[in-house]
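>>> pasting the structure only:
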């Protein structure tokens, strides 16, 4: 059975429930993926599924419990998992499936079946190699239990993967290793683990990279890793946290959580209620997760089932910073999303983080910048809409019979038609750029605001009443279009605006047809005081 080519599947990399969701998370995959979901759903070309999960089995979860005075990993994962899901709902990130590894009954058997099949086929092999061991803590050190200097770029790194350069390590190759639990220098001991060699998949990976849409930074990582020789990746660790390895002789070890995520993505598709083969997804993630999505997962999928549709696009964000440093849940360097949403509306926060999205560069969050975004929505967007709806109320409270017309309207309409064409590109898969989308929406509002100011003087002309009402009709047409065009990015204000104009609540396409005058006599509600800045 082939995948439904009309279906769209969007994924956002699962966050680790070792803390609350922070603003950096929202600026990264989750709201950006939701914007694409809303745009494609409004297009009506086929079913759209937006999925994610929670990365319960990251070692950062039990480490957080240890740092909090000995809380169990289960308590940490469940508590923060519930908080993360709540923030998604508040921010309007609407997922069709959220996989919970410890809650979903079929999750562990499916992950183990995936792993066992690759082992039985010879794609996963046993290797005895050094691994750091802390004698004081009596623990093998990997991932969150270990820190040191990356063997590739020299930056500070945890075990298994380096966030700054995005490349994997084998833990024993970290320079200046330290146990994160006690601060001691570990010793190296031989440890037999299971590995997944990437080199046999080099040609298939290279062919995949030629086809998938991905940014140059990630492409550079792929090409540099290939040039240096694709490594073998440890896919099991001696641990008590995670999915047990099903292979005889290794059942006391746990499957590497990032390898576990490969079958986890397949479960997201079925978790969304789909039974057929998954279509090629569009995947949203941060650059620090790049090697997993561009090398490890595609190779694992090819080893498991060559018919699995690999991603058609990677939408990658760089780090979002706070006071010059990367947002970090584990280091508690963050502005927590639930706290910000208690004082800032979802639309205002969406507007700000989408306009400041770290696309191709690292950006930095600041409260003053957020306030500027709030002011722009209040003074420019709502300022124009408030003046418009007040003027309509003074002219009878309904759409006029005078249609938009005249050279000024034709110029405005031509500019808006050109702008919405660019907006469709910024919202779409191939040209996705949330920063550009917000800038274009700002341009729509600025064009309408200027038109309103210039043509407001028609009311002062002795014979200008008809032209004035025509100008109001033109602005109502732009407002109607804005309620459709802004909906993927700012869904709540867009819905409020559509209701004020008497428009149907269902999603409307982002296209030039939305730029249509209201039917004469259509009641227009009184200005409520705020729409997008509320």
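Sure thing, it's come through. Since this is a predicted model, take the numbers as computed values, not measurements.

>>> and residue 21, what does it touch?
Residue 21 makes contact with 15, 30, 83, 84, 87, 88, 336, 337, 338, according to CB atoms under 8 Å, 6 or more residues apart in numbering. All C-beta atoms are positioned from the backbone trio N, CA, C, and that covers glycine.

>>> what do you get for residue 447?
Residue 447 is in contact with 412, 415, 416, 419, 478, counting by CB under 8 Å, 6+ apart.

>>> Please report phi then psi for residue 334.
Main-chain dihedrals, residue 334, degrees, to the nearest 10: phi -170, psi 160.

>>> try the one 10 residues further on
Backbone torsions of residue 344, given as degrees, to the nearest 10, read phi -130, psi 130.

>>> Helix or strand with the lowest mean pLDDT in this protein?
strand 325-326 (a mean of 71; mean pLDDT, DSSP states H and E).

>>> Find the nearest non-adjacent residue to residue 424, please.
Spatially, and ignoring its direct neighbours in sequence, residue 424 is nearest to residue 510 (5.6 Å; CB to CB, 6 or more residues apart in numbering).

>>> For this protein, give me the ranges with low pLDDT.
Low-confidence segments of the chain, defined by pLDDT under 70, are located at 1-5, 324, 329-332.

>>> In it, which residue sits furthest out from the middle?
For the chain, the residue at maximal distance from the C-alpha centroid (CA atoms, centre = their mean) is residue 462, at 54.6 Å.

>>> and that one, which of the three is it?
Counting by DSSP: H, G, I helix; E, B strand; the rest coil, the backbone at residue 462 sits in coil.

>>> for it, what are its contacts?
Applying CB under 8 Å, 6+ apart, no residues qualify as near residue 462.

>>> rewinding a little: could you pick out the buried ones from the contacts of residue 21?
Buried residues within the contacts of residue 21, counting neighbours by 16 or more other CB atoms under 10 Å: 15, 30, 83, 84, 87, 88, 336, 337.

>>> and which of those is nearest residue 438?
The closest of the buried ones among the contacts of residue 21 to residue 438 turns out to be residue 30 (CB to CB; 16.3 Å).

>>> Would you mind measuring from the closest one to residue 286?
11 Å (CB to CB, to the nearest Å).

>>> Let me see the residues that make contact with the helix or strand containing residue 82.
For residue 82, the host element (DSSP states H and E) is helix 73-91. Here helix 73-91 makes contact (CB under 8 Å, 6+ apart) with 15, 17-21, 26, 30-31, 54, 56, 61-62, 64-65, 68, 94-95, 98, 100, 102, 241, 337-338, 341, 346, 349-350.

>>> swap in stretch 203-222?
With CB under 8 Å, 6+ apart, stretch 203-222 has contacts from 165-167, 198, 223, 226, 230, 287, 290-291, 294-295, 298-299, 302, 310-314, 316, 318, 360, 429-430.

>>> same thing but at 6 Å, please
Here stretch 203-222 makes contact (CB atoms under 6 Å, 6 or more residues apart in numbering) with 166, 290, 294, 298, 302, 310, 311, 313, 314, 316.

>>> tell me which of those is nearest to residue 150?
residue 166 (10.0 Å).

>>> who's in contact with that closest one?
Applying CB under 6 Å, 6+ apart, the residues near residue 166 are 221, 287, 288, 290, 291.

>>> and the second one, how many neighbours does it have?
Residue crowding around residue 287 was assessed by other CB atoms under 10 Å; the count is 23.
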